[in-house]
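Enquirer: Sequence and predicted structure, then a few things I'm wondering about:
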Amino acid sequence: MHRSTSSPPVWSAVSTRVGRVAAMATALALLIALPARSVEAANPVLEQANALLEDERYADAFGKVAALLPTLIPGDPTYIEAHYTLGRTLMALGLYQSALRSFDEVAVGPGHALYNARMRAYLEIQHKLPGNLATVERLSEAKPSAFKPEDLPEIRYLLGRYHFDAAEHDTALDDLRKITPQGGEFYLKARMLMGITYVIKNQARPALEAFKDVLRFADRVGRPSYYEPYEQKAFMALGRLFFSIGKYETAGRYYDRVKEGTTAWLDSLFELGWTYFHLRRLDRVLGQLHTLNSPYFEDRYYPEARVLEALILFRTCRFPETLVVVQRFLRDYKPLRKELDNQLGGSRTDAEFYWYLASLAADKAGLSVALRRIFNAALNDRELQRVFTLVAKLAAEQSGLAKLKRNTTATKQAQGLIDDLGRVRNVMISEAGAMARRRLTQVRSELTEIIRQGLRIKYETLKARRNSINDAVRVSMAKTAAAVNEPRAQDAEHVVWPFDGGYWRDELGGYTYDIRSRCEQKHFPAGWKSSAAAPADDAKPADDTKPADGAKPADDAKPADGAKPADGAKPADGAKPAKPADDTKPATTPAAKSETTTTNTPATASAGGK
């Protein structure tokens, strides 16, 4: 079964039409890349088909070969040669899935004149249908000598990814280790995947080295145009890795290196907020939330941001403000969870669920704006996108086969290819629907847990107003009070002003909130001295205040089971990207003041500016 690829007709409007000019260029490239013949074609019909193929009369060449094949004996040299010619013809027509089946009939081993050409054809099909695991399975059986040396890094990465997806981690590492820095972008992909694999195996040290190898690439090889996205991913992965083992200061330094404007930047701000939370730098936590609350990011989905804000307000004994934030959070997200339940309910098959998603993409009124944010965030998963893209490409091939049927004399054979491709596409549609349903179900579970945490904070707040506070909460309040009440050092690089509702685009990510605890001695444990030091957390918050269980680091750097972060490192994959609504931004708290930088000096960066 094929497991894979990207961007549905649903959420990212993948085009299902192949441009005539692009198709012609591809056809010419393929005819140049694959040898025209391997053995002397004694059959005159096959000779005619090859001549038509060279003249770019692809429909006529298809008709000749399709009519010839039923007359040949399977395994006969001419039969093999005919299927090879048919595969070349279908590739020239842009019909790659159908070509795959033809090349499968070229059953020859190493040493045969067609062996290398067949394996290179599989690689070319992988380029055109990325994520089609059928081609990777064929490539896994190939001899390295079948490929050009410059193709080997890609082959090894594809095999490493294939074994990783099958949970064969040691085999995956064996393939990935063979890729050297000279492999360029595939080396970077391999090192990132090696880091993830080591994390899953609970081996932090080699994971650290693998991610750092991505950063060392700049010194060893340089900074080619493709390098920066991998550098940003490495910063995020290292931040999550150090967070997972309680090294919050180090984690914060890596998060802070994620470049503004990149795809990971908002996630880095949110995760940096949790890092500051464990370091008890609540002024910086609220500053990060202030950025996420800005109108620039109102289409992003971060429900945990409100819970984190409420948690800080609760720990500083700002009980009325805590209840306001929690109530607004519940008002917005409980109906959203119910709406999500309705979307996932019913008895739709996996294929029906896929087509349901497609209909929602076409009908913009089918989802609320808030729920559409959740769907977009959840379905932006890389594996899902690969599957969705493959389904779209197969739809384009169906159109190509229909055109071939109209232009060839071999209509019966063309219809057979159409039927075969339809079965493959139906399998992929069902798989895509199942993956999407699982992803959205996970998001629903995560949102349910976040709502539960909000209700827990509300319950604890109502109890605290009556001074009914358990000992663990009293300790957290005392430590928080000691941390936030320490005077902040002033310097010439910063300016402080009361927030008036306006945001400066160039200062996003550099805000700090001046927040003081309103807790009194009665809120602290008996005998607690208010001047006691408040060391940063080295572990997860007490159970009364822990973030949602779904708040683990993203899959591309998640820690192994034995070294996972404290519950709540970041929103789960499905719980990203969006801002809390404007009516709950931290600026509504009475003591809220914004701080930002006035210059871009190194001192600014050390103060938290981006």
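Expert: Nice, thanks for sending it over.
Enquirer: Against residue 77, how distant is residue 48?
Expert: 18 Å (CB to CB, to the nearest Å). In this view, the C-beta of every residue, glycine as well, is placed from N, C-alpha and C.
Enquirer: any idea how far stretch 390-408 is from the chain center?
Expert: Averaged C-alpha coordinates place stretch 390-408 at 30 Å from its chain's average position (CA atoms, centre = their mean, to the nearest Å).
Enquirer: Repeat that for stretch 166-179.
Expert: What separates the centre of stretch 166-179 from the centre of its chain is 21 Å, taken as CA atoms, centre = their mean.
Enquirer: Only the buried residues of it, if you could.
Expert: For stretch 166-179, a neighbour-count test (16 or more other CB atoms under 10 Å) marks 169, 172, 173, 175, 176, 178, 179 as buried.
Enquirer: which one of these is nearest residue 125?
Expert: The nearest member of the buried residues of stretch 166-179 to residue 125, counting by CB to CB, is residue 175 at 19.9 Å.
Enquirer: Run a quick neighbour tally on the closest residue to the closest one other than its chain neighbours.
Expert: Taking CB to CB, 6 or more residues apart in numbering, and ignoring the residues beside it in sequence, residue 175 has residue 160 as its nearest neighbour in space, at 3.9 Å. The number of residues packed near residue 160 is 27, by other CB atoms under 10 Å.
Enquirer: swap in residue 263?
Expert: Neighbouring residues of residue 263 were enumerated by other CB under 10 Å; the total is 13.
Enquirer: quick one: the strands in the stretch 401-550 of the chain?
Expert: Assigned strands in the stretch 401-550 of the chain, in chain order: 494-498, 512-513 (criterion: DSSP state E, counting those that start in this stretch).
Enquirer: Which of those strands comes out lowest on mean pLDDT?
Expert: Among these, strand 494-498 carries the lowest mean pLDDT, a mean of 68.
Enquirer: What's the mean pLDDT across stretch 92-110?
Expert: Taken as a whole, stretch 92-110 has a mean pLDDT of 94.
Enquirer: Span of that stretch from start to end?
Expert: Across stretch 92-110, the terminal residues are separated by 25 Å (CA to CA, to the nearest Å).
Enquirer: buried stuff in that stretch?
Expert: Of the residues in stretch 92-110, those buried under the neighbour-count criterion (16+ other CB under 10 Å) are 92-103, 105-106, 108.
Enquirer: which of those sit farthest apart?
Expert: With distances taken as CB to CB, the most widely separated pair in these is 94 and 108, at 25.1 Å.
Enquirer: Flag the shaky bits of the stretch 1-150 of the chain, pLDDT-wise.
Expert: For the stretch 1-150 of the chain, the stretches with pLDDT under 70 are 1-42.
Enquirer: now swap in the stretch 251-400 of the chain and tell me
Expert: 295, 299, 362-367.
Enquirer: Does the top helix by length along the chain pack against any helices or strands, and if so which?
Expert: If you go by DSSP state H, the chain has its longest helix at helix 411-465. Counting contacts by 3 or more CB pairs under 8 Å, 6 or more residues apart in numbering; DSSP states H and E, helix 411-465 is packed against helix 58-68, helix 96-104, helix 304-315, helix 319-344, helix 350-362, helix 369-378, helix 382-407.
Enquirer: Comparing the ones you listed, which comes out most buried?
Expert: Ranked by average neighbour count under the criterion mean count of other CB atoms under 10 Å, these are headed by helix 304-315 at a mean of 27.
Enquirer: tell me the angle that helix makes with helix 319-344.
Expert: Between the direction of helix 304-315 and that of helix 319-344, the angle (axes from the mean of the first three to the mean of the last three CA atoms, to 10 degrees) works out to 150 degrees.
Enquirer: Helix 304-315 to helix 411-465, inter-axis angle?
Expert: 10 degrees.
Enquirer: Against which helices or strands is helix 304-315 packed?
Expert: Helix 304-315 sits against helix 265-278, helix 282-292, helix 319-344, helix 411-465, helix 471-484, with contacts defined as 3+ CB pairs under 8 Å, 6+ apart.
Enquirer: What residues sit buried inside the last one?
Expert: Going back to what we said before, that points to helix 471-484. Neighbour-count burial for helix 471-484 [16+ other CB under 10 Å]: 473, 474, 476, 477, 478, 479, 480, 481, 482, 483, 484.
Enquirer: Surely residue 318 touches residue 523?
Expert: No. In this structure, residue 318 sits apart from residue 523 without contact. The criterion is CB atoms under 8 Å, and the distance is 11.7 Å.
Enquirer: thinking again about what came up before, which element is the residue nearest to residue 175 on?
Expert: Assignment of secondary structure by DSSP states H and E places residue 160 within helix 152-165.
Enquirer: which is the next helix or strand following that helix?
Expert: Toward the C-terminus, helix 152-165 is succeeded by helix 169-177 as the next helix or strand (DSSP H and E).
Enquirer: Next, the angle helix 152-165 makes with that following helix.
Expert: Inter-element angle recorded for helix 169-177 and helix 152-165: 160 degrees (by the same axes, to 10 degrees).
Enquirer: residues making contact with helix 169-177?
Expert: With contacts defined as CB atoms under 8 Å, 6 or more residues apart in numbering, helix 169-177 is touched by 156-157, 159-164, 190-191, 193-194, 197-198, 200-201.
Enquirer: tell me the mean pLDDT for it?
Expert: Over the span of helix 169-177, the pLDDT mean works out to 96.
Enquirer: Report the backbone C-alpha coordinates of that helix in PDB.
Expert: Taking C-alpha atoms only, helix 169-177 is exported to PDB below (Å, rounded to 0.1, in the frame of the first residue of the first chain):
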ATOM      1  CA  HIS A 169      15.100   2.800  13.500                       C
ATOM      2  CA  ASP A 170      18.500   1.000  13.500                       C
ATOM      3  CA  THR A 171      18.200   0.300   9.800                       C
ATOM      4  CA  ALA A 172      17.200   3.900   9.100                       C
ATOM      5  CA  LEU A 173      20.300   5.100  10.900                       C
ATOM      6  CA  ASP A 174      22.500   2.800   8.900                       C
ATOM      7  CA  ASP A 175      21.200   4.300   5.700                       C
ATOM      8  CA  LEU A 176      21.300   7.900   6.900                       C
ATOM      9  CA  ARG A 177      24.900   7.700   8.400                       C
END
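Enquirer: Export the helix or strand following that helix to PDB, keeping only CA atoms.
Expert: If you walk from helix 169-177 toward the C-terminus, the next helix or strand you reach (DSSP H and E) is helix 185-200. Included here for helix 185-200 are C-alpha records, laid out as PDB according to Å, rounded to 0.1, in the frame of the first residue of the first chain:
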ATOM      1  CA  GLU A 185      20.600  19.200   1.100                       C
ATOM      2  CA  PHE A 186      20.100  15.500   1.600                       C
ATOM      3  CA  TYR A 187      22.800  15.500   4.300                       C
ATOM      4  CA  LEU A 188      20.800  18.200   6.200                       C
ATOM      5  CA  LYS A 189      17.600  16.200   5.800                       C
ATOM      6  CA  ALA A 190      19.400  13.000   7.000                       C
ATOM      7  CA  ARG A 191      20.900  14.700  10.000                       C
ATOM      8  CA  MET A 192      17.600  16.100  11.100                       C
ATOM      9  CA  LEU A 193      16.000  12.700  10.700                       C
ATOM     10  CA  MET A 194      18.900  11.100  12.600                       C
ATOM     11  CA  GLY A 195      18.300  13.500  15.500                       C
ATOM     12  CA  ILE A 196      14.600  12.600  15.600                       C
ATOM     13  CA  THR A 197      15.400   8.900  15.500                       C
ATOM     14  CA  TYR A 198      17.900   9.200  18.400                       C
ATOM     15  CA  VAL A 199      15.400  11.100  20.400                       C
ATOM     16  CA  ILE A 200      12.800   8.300  19.900                       C
END
